[in-house]
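**Q** predicted model and sequence below, questions to follow.
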Amino acid sequence: MERILYVTHQYLPYFPTGVARSTQTLATHMQKFGHQVAVLSVIPRGRNHEFEPTRYMYEGNEVWQFAPTRAYTAVPDHHWDIDTALVVASVIEELRPDIVDVQHPMMYPEARRVASACGLPTVVHLHDYWFLCPRVQLLRVDSSLCVSANAGSNYKSVCSVPDGEERMAWARAELEYFDAVVAPTRFVMETFSREGFATSSWILLPSGTISHQKKWQLGKQPMQRSKSPLRLRFLESLLHHKGAHILLAALAKIPGAPLRVFIHGDCYDETEYYKSLVELAAKDERVSFEGPYDFVYLPDLLSATDIVVIPSIWPETHSLVAESALASGVPVICTGPSGMSEIVKECEGGWEVPMGDAEALAHILEKIAYDPFVLERTAMRMRPPMRIEAEAVAMEAIYRTLLAGL
């Protein structure tokens, strides 16, 4: 039995993000394997706590949260902060973990260095592009896609981020110091490689789907589909980079298509963006806004869905929603090239459209709406993605290999 400390920037139930859910499901399965786990995160904004750790249990996992010692900003800081380092050191001293797994370093970039100084092996997961992009999603300030960081020089000239070359040099070196770097898709590894990161020793390990997805039956039609209108669901956050506006723009181009569109998600602080979505859909009776949803009800939502649409305007590294849909036998329309579209292609589970291309999305939606056999053929040939159980087994093997090398 090993003691594992997971480090991340946000956690459940306050931040129901993909990284938080991935961390939770992996930690839960490590507990099932007999390991002791704990999660280190930060106290969310708006919660008035002293600078003492808040400890709570979330679905069987112990969570430690400290008040952040660096600010939540659009451009996360990577510089060494002694107060943050002391937080990490105090948690390590009390919990005595055998290994430190950094699920996301944004609020604790000192975690690797502190853990290494304590003689602990370290792992990092690349759930997004934080090491490569100070804005995390490879999107410039004008929301256009960043083609290259140019060794960090573009950080200042394009995105007004100081110390670009310094940050890039730090990131390249930092990832080499980790004992294991885990990437969810080949697309992610290739993206980092093009920017000069040494990726030859990185580990490719797809993100596993959550165990409660049980709709899939190999060799059988996954589920009954509605005849008309087809039921589309958007199941992401209502934030600009998730691209709900692209879906609404596509619908406007095919006003007569027999579709019903259900838009789920939380806008968090982007209330103006949410208002713009409501205005875009105001005259389209096919669209309904369903509000936020609890992830535990995702299987029920998917059972009443014909297509999941994920029109992100950034190259997603992977997508828990897409993977969950595929695991439930629901085809996906996504944007690419991206890690998300890589997974959809490998599962033969849907279609890829260029990012931001409402015309291309409208073309596919119209084709499917008027020819349901297109959807049925796709549903019949789909293959399920990796399950969380398989990911957990692979991660346990990585931990044991690193511990054996000490």
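**A** The structure has been received and is ready for your questions. A quick note: this is a predicted structure, and the numbers were derived from the prediction, not measured.
**Q** contacts only, for P105.
**A** By C-beta atoms under 8 Å, 6 or more residues apart in numbering, the contact set of P105 is V7, H9, A111, R112, V124, W130, F131. In short, each C-beta sits where N, CA and C put it, glycine included.
**Q** just give the nearest non-adjacent residue to V88, would you?
**A** Closest residue to V88 apart from its sequence neighbours, by C-beta to C-beta, 6 or more residues apart in numbering: V114 at 4.4 Å.
**Q** show the model's pLDDT score for that neighbour.
**A** V114 carries a pLDDT value of 98.
**Q** what's the helix or strand it falls within in contact with?
**A** Using DSSP states H and E, V114 maps to helix 111-117. Residues outside helix 111-117 that contact it (C-beta under 8 Å, 6+ apart) are 7, 40, 80, 85, 88-89, 92, 100, 102, 105, 122, 124, 174, 177-178.
**Q** and that helix, what's buried?
**A** Neighbour-count burial for helix 111-117 flags A111, R112, V114, A115 (criterion: 16 or more other C-beta atoms under 10 Å).
**Q** how close does the third one sit to R21?
**A** Spelled out, it's V114. For V114, the distance to R21 equals 26 Å [C-beta to C-beta, to the nearest Å].
**Q** rewinding a little: of the contacts of P105, closest to L302?
**A** For the contacts of P105, the closest approach to L302 (C-beta to C-beta) belongs to H9, at 27.9 Å.
**Q** quick one: the closest one and S41 touch, right?
**A** Yes: using C-beta atoms under 8 Å, H9 is in contact with S41, at 6.9 Å.
**Q** who touches both of those two?
**A** M107.
**Q** what about the two, which has more around it?
**A** Shown here are H9 and S41; by other C-beta atoms under 10 Å, S41 has more neighbours (26 against 23).
**Q** now the more buried one, what are its backbone angles?
**A** Dihedral pair for S41: phi -140, psi -160, per degrees, to the nearest 10.
**Q** report the contact partners of it.
**A** V7, T8, H9, Q10, Y11, V63, W64, Q65, M107 are the contacts of S41 under C-beta under 8 Å, 6+ apart.
**Q** neighbours of the first one, just the number please.
**A** Other residues lying near V7 total 29 when counted by other C-beta under 10 Å.
**Q** partner residues bridging it?
**A** Beta-bridge partners of V7, counted by DSSP bridges, are L40, V102.
**Q** where in this protein is the helix or strand with the lowest mean pLDDT?
**A** Ranking every helix and strand in the chain by mean pLDDT, DSSP states H and E puts helix 153-159 at the bottom, with a mean of 86.
**Q** from the chain's centre, how far out is it? Work that out for me.
**A** Averaging C-alpha positions (C-alpha atoms, centre = their mean, to the nearest Å) puts helix 153-159 25 Å from its chain's average.
**Q** contacts for it, please.
**A** Against helix 153-159 from outside (C-beta under 8 Å, 6+ apart): 75, 134-135, 140-141, 146, 148-149, 161-165, 167-168.
**Q** filter the residues you listed down to just the ones in helices.
**A** Judged by DSSP state H, these include G164, E165, R167, M168 as members of helices.
**Q** compare those residues and tell me which is most surrounded.
**A** Busiest of the ones in helices among the contacts of helix 153-159 [other C-beta under 10 Å] is M168, holding 24 neighbours.
**Q** strands of the stretch 201-350 of the chain, residue ranges please.
**A** Listed in chain order, the strands of the stretch 201-350 of the chain (DSSP state E, counting those that start in this stretch) span 203-204, 230-234, 259-264, 287-291, 307-310, 332-336, 350-354.
**Q** which of these is buried the deepest?
**A** strand 307-310 (a mean of 27; mean count of other C-beta atoms under 10 Å).
**Q** that one: partners in the sheet, and parallel or antiparallel?
**A** strand 230-234 (parallel), strand 332-336 (parallel).
**Q** strand 287-291 and the first one, what's the angle between them?
**A** The reference is to strand 230-234. Computed by axes from the mean of the first three to the mean of the last three C-alpha atoms, to 10 degrees, the angle separating strand 230-234 from strand 287-291 equals 40 degrees.
**Q** on that earlier part again, buried stuff in the least confident helix or strand of the chain?
**A** Buried residues in helix 153-159 (16+ other C-beta under 10 Å): N154, Y155, V158, C159.
**Q** which one is P44 nearest to, not counting chain neighbours?
**A** P44 sits nearest to Y14 (C-beta to C-beta, 6+ apart), 4.4 Å away.
**Q** against W130, how distant is the one you found?
**A** Distance from Y14 to W130, by C-beta to C-beta: 20 Å.
**Q** ditto for L232
**A** From L232 to W130 the distance is 31 Å (C-beta to C-beta).
**Q** and V63, by the same measure?
**A** Taking C-beta to C-beta, one finds V63 at 21 Å from W130.
**Q** and if you look at D300?
**A** For D300, the distance to W130 - C-beta to C-beta - is 33 Å.
**Q** go on, E94?
**A** E94 sits at a distance of 27 Å from W130 (criterion: C-beta to C-beta).
**Q** quick one, which of the two is more surrounded?
**A** Set side by side, E94 and W130 show more neighbours around W130, with 19 against 11, by other C-beta under 10 Å.
**Q** hang on, the more buried one is in a strand, isn't it?
**A** No: W130 sits outside any strand when classified using DSSP: H, G, I helix; E, B strand; the rest coil, being coil.
**Q** quick check: closest non-adjacent residue to it.
**A** Counting by C-beta to C-beta, 6+ apart, W130 lies nearest to V136, which is 5.2 Å off, once chain neighbours are set aside.
**Q** run a quick neighbour tally on the one you found.
**A** Residues near V136, counting by other C-beta under 10 Å, number 19.
**Q** and for the one 4 residues further on?
**A** When counting by other C-beta under 10 Å, one arrives at 15 neighbours for R140.
**Q** from now on call the first residue 10
**A** Okay, residue one is now 10; in that scheme the one you just asked about reads as R149.
**Q** hang on, the earlier thing: of the buried residues of helix 120-126, which pair is most distant in space?
**A** Maximum distance among those (C-beta to C-beta): 7.4 Å, for R121 and V123.
**Q** ok, now which ones touch L239?
**A** Per C-beta under 8 Å, 6+ apart, neighbours of L239: P267, L268, R269, D315, I316, I377, A378, P381, L384.
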